[in-house]
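**Q** mind looking at a prediction? Sequence and model below.
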Amino acid sequence: MSERGRQAFADVMTIPAPDDPSPAASRMLEFVFADVWQRPALSRRDRRFVTLACVADADAEAPLRDHVYAALNSGDLTITEMQETVLHFAVYGGWPKASRFNSMVDEQWDRIHRERGGQVPAPPRLLPLDTSADPETRLAAGEQAFKDINCLEYAPPRDNPFHGAGILNFVFGEMWLRPGLGMRERRLITVACVAFQDAPYPILSHVYAALRSRDLSFDEMDELALHFAAHCGWPKASNLNQVISEQKQRVLAEWADEDAGP
Amino acid sequence: MSERGRQAFADVMTIPAPDDPSPAASRMLEFVFADVWQRPALSRRDRRFVTLACVADADAEAPLRDHVYAALNSGDLTITEMQETVLHFAVYGGWPKASRFNSMVDEQWDRIHRERGGQVPAPPRLLPLDTSADPETRLAAGEQAFKDINCLEYAPPRDNPFHGAGILNFVFGEMWLRPGLGMRERRLITVACVAFQDAPYPILSHVYAALRSRDLSFDEMDELALHFAAHCGWPKASNLNQVISEQKQRVLAEWADEDAGP
Amino acid sequence: MSERGRQAFADVMTIPAPDDPSPAASRMLEFVFADVWQRPALSRRDRRFVTLACVADADAEAPLRDHVYAALNSGDLTITEMQETVLHFAVYGGWPKASRFNSMVDEQWDRIHRERGGQVPAPPRLLPLDTSADPETRLAAGEQAFKDINCLEYAPPRDNPFHGAGILNFVFGEMWLRPGLGMRERRLITVACVAFQDAPYPILSHVYAALRSRDLSFDEMDELALHFAAHCGWPKASNLNQVISEQKQRVLAEWADEDAGP
């Protein structure tokens, strides 16, 4: 690996680059760390959220461990942000993988404190929640949040278990509204998750909403597609890239309509 | 395909077998439908739950559509059971794939009523929920359900977003306790989901709990592994199969201890 | 398991078949090893590339370990071919899974030398690369390789991070052009990867290009679908099979047009 590659690896991972990778592995490390991670448009912190979603999905234990450690050890994410990332990931990536992600966070947080000779501080109390406990109020708040976050004028029907008990009551009625993680960060995690999950409509709707809300700029979204490609593979990224290019056109057309006025 | 293969396909899918598959495709259809689906230990209805989880994960639109249609059209699942299956799948397989699964259920339910010349009935009202709205009461109920369903003597800490806001508040505090789907059916869906999600501990814990609770017998669990293999591939099934064999030993040892008494 | 099944398992895996699988597991082993792996059209070596992609994706550690070992121990793949397979997989399956695959290759290569009482030889030097370091020359070569390998008359725009920095600069400007692995082998890996990644356009384009280039014959591609079905499950294979059948028609029509001439 080149000196530039070794430095880029150490900067991102907060540990030295491996000593003797095979030629093929060396080439890949060089591409991922010296080329992709060093590009503009997304900061190193931004790239953490995309990467964490990808490695939590990928099921390879070592990359998950190393990226959780690096994100916390670099100070790019606080432990609260990391824990909210796990919960957000649970919804979009599935609870089994999130369960492993959560254990890894506990383990690496403990490791960092041991390495620094400190004590792991006690977690903040969960209750009281910010969101209402009353089912009717939660559903109404979930409907409003669904519209706001998805940039849509309608919400799905309540009387369907997936939408009512799940999407409106929990996903938009509570999870997206939690403190501890900003909307921009939730967008980065969500777009990465829907891109590896592959269901077409969620990819379209979350790319659209991230651009339409201006939480992510066009250049940032393009950069997200490249970062995702390196971590989840080109086929899924190719699909994401196609959707991004279509949704940019849609958003531009909507903005032009608004500027033209009534 | 053999006549036996064609009949098996038609029995499961409620539509005729395809006319001219390639020899390789024909061999696979024969194995899946004439061999696997016709085996004892799990009923056709049981196999629906495993299969729906697998095809909802797999992202291939046609198999998802065909299996949703077949499960409803055969009468093996009611629409309520199917909708609860979607919500349960959302938790263990992730909401993006569940969103597509949910749309497919609506679409195929409509198709079945059109084919039969009937009207799609209005859905039952969602509220009031069976579970408490008070956050403290929900968390306490979630802790108890976590212990009961996982056959464990402890519950995870509340003051962690993933465990507190997610697992205790929603997954075990509400979702597993919902009416509309029995514990045995939830076990079949969950084991399939954790097996394709790959995170090691959830596979171990859900296989253990399904056997320990006697919701699934040893033979049923072995059969689940074969059915899963046909629908999610041999490598993941091989891992599941290994876990099953270890957890059987653990459960047998625990039962022997209990019989021995104090 | 039958004696034929046990021999087939030992031939493929280079270790003895397991002693007491459950009847269900036994049925699956019999199907995978005695039926699928023994079929004509694809050689055992060919099947290694498809299988390695499937197990590297599937995240079950034992099958990945066993297939890496078997591919090297049988002599079907050299270590150089295996390492290039890892890099090719990294691009189509994502870097985190490839990282684990890479570690497993090192580990099993070491194990094979220990078992044989030998020393692991030093890896060959990486540099010099065959491909140009000049960015403009690389992009131009990437555009040409993109057209040649995909059997298309156009290349995507340079001024998009995914396409410019990723696809043209790295994937087609370097990775596909590397020595150490033939075009046929790269096709086998790629089709397996896009089939489990599920993004619709890459499946279509890589099946098309593999057939159009005659790197894989129609019969070989059908056989690939069956082999993939056994290792990644019937639903994804069913989708692949549908795409194959459509792309065969497209390629046949194009060949007929060319034969008709101007």
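**A** Done, it's in.

**Q** give me the secondary structure label for residue A:131.
**A** Following DSSP: H, G, I helix; E, B strand; the rest coil, the label given to residue A:131 is coil.

**Q** er, residue A:18 I mean
**A** Residue A:18 carries the three-state label coil when classified by three-state DSSP.

**Q** which residues touch it?
**A** residue A:29 (Cβ atoms under 8 Å, 6 or more residues apart in numbering or on different chains). Glycine gets a C-beta too; all of them are placed from N, C-alpha and C.

**Q** which helix or strand contains residue A:100?
**A** Using DSSP states H and E, residue A:100 falls within helix A:95-115.

**Q** for the following helix or strand past that helix, list every residue counted as buried.
**A** Moving toward the C-terminus from helix A:95-115, the next helix or strand (DSSP H and E) is helix A:135-150. Residues of helix A:135-150 classed as buried by neighbour count (16 or more other Cβ atoms under 10 Å in any protein chain shown): A:135, A:138-143, A:145-146, A:149-150.

**Q** thought residue A:67 was touching residue A:53?
**A** No: using Cβ atoms under 8 Å, residue A:67 makes no contact with residue A:53, being 10.2 Å away.

**Q** compare the two (neighbour count), which wins?
**A** Per other Cβ atoms under 10 Å in any protein chain shown, whichever of residue A:67 and residue A:53 has more neighbours is residue A:53, with 29 against 22.

**Q** distance-wise, check that one relative to chain C.
**A** Residue A:53 sits 11 Å away from chain C, going by Cβ to the nearest Cβ, to the nearest Å.

**Q** how close does that residue sit to residue A:195?
**A** Separation of residue A:53 from residue A:195 (Cβ to Cβ, to the nearest Å): 9 Å.

**Q** now swap in residue A:201 and tell me
**A** Using Cβ to Cβ, residue A:201 is found at 13 Å from residue A:195.

**Q** so these two - more neighbours on which side?
**A** Using other Cβ under 10 Å, the more surrounded residue of residue A:201 and residue A:195 is residue A:195, with 30 against 12.

**Q** so what's that one scoring on pLDDT?
**A** Listed pLDDT for residue A:195 reads 91.

**Q** thinking again about what came up before, let's have the buried residues of helix A:135-150 in a markdown table, adding pLDDT and distance to residue C:224.
**A** What follows is those, written out as a markdown table (pLDDT from 0 to 100; distance: Cβ to Cβ, whole Å):
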| residue | pLDDT | distance to residue C:224 |
| --- | --- | --- |
| A:135 | 86 | 52 |
| A:138 | 88 | 50 |
| A:139 | 91 | 49 |
| A:140 | 93 | 52 |
| A:141 | 93 | 50 |
| A:142 | 94 | 46 |
| A:143 | 95 | 47 |
| A:145 | 96 | 46 |
| A:146 | 96 | 43 |
| A:149 | 97 | 42 |
| A:150 | 96 | 40 |
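
**Q** and of those, the nearest to chain B?
**A** Proximity of the buried residues of helix A:135-150 to chain B (Cβ to the nearest Cβ) peaks at residue A:135, which lies at 5.3 Å.

**Q** for the stretch 151-262 of chain A, which residues are neighbours of chain C?
**A** Within reach of chain C by Cβ under 8 Å from any Cβ of the partner chain, the stretch 151-262 of chain A has these residues: A:198, A:222-223, A:225-226, A:229-239, A:241-242.

**Q** give me the contacts around the lowest-mean-pLDDT helix or strand in chain A.
**A** Least confident helix or strand, chain A: helix A:23-29 with a mean of 79, by mean pLDDT, DSSP states H and E. Contact with helix A:23-29 is made by A:1, A:5, A:9, A:17-18, A:21, C:83-84, C:86-87, C:90, C:95, C:98, C:102, C:123-126, C:174, C:178, C:180, as judged by Cβ under 8 Å, 6+ apart.

**Q** tell me which helix or strand comes right after it.
**A** Once the chain leaves helix A:23-29, the next helix or strand it forms, by DSSP H and E, is helix A:44-58.

**Q** buried stuff in that next one?
**A** Under 16+ other Cβ under 10 Å, the buried positions of helix A:44-58 are A:46-58.

**Q** out of the residues you listed, who's nearest chain C?
**A** Nearest member of the buried residues of helix A:44-58 to chain C, counting by Cβ to the nearest Cβ, is residue A:58, at 3.6 Å.

**Q** check contacts around the closest one.
**A** Listed by Cβ under 8 Å, 6+ apart, the contact partners of residue A:58 are A:64, A:231-232, C:59, C:94, C:96-97.

**Q** shaky segments in the stretch 151-262 of chain A?
**A** Along the stretch 151-262 of chain A, segments meeting pLDDT under 70 span A:262.

**Q** just checking, what packs against the host helix or strand of residue A:83?
**A** Using DSSP H and E, residue A:83 maps to helix A:79-93. Using 3 or more Cβ pairs under 8 Å, 6 or more residues apart in numbering or on different chains; DSSP states H and E, the elements in contact with helix A:79-93 are helix A:44-58, helix A:61-73, helix A:95-115, helix A:183-197, helix B:95-115, helix B:161.

**Q** repeat that for 6 Å
**A** In terms of contacts (3 or more Cβ pairs under 6 Å, 6 or more residues apart in numbering or on different chains; DSSP states H and E), helix A:79-93 is packed against helix A:44-58, helix A:95-115, helix A:183-197, helix B:161.
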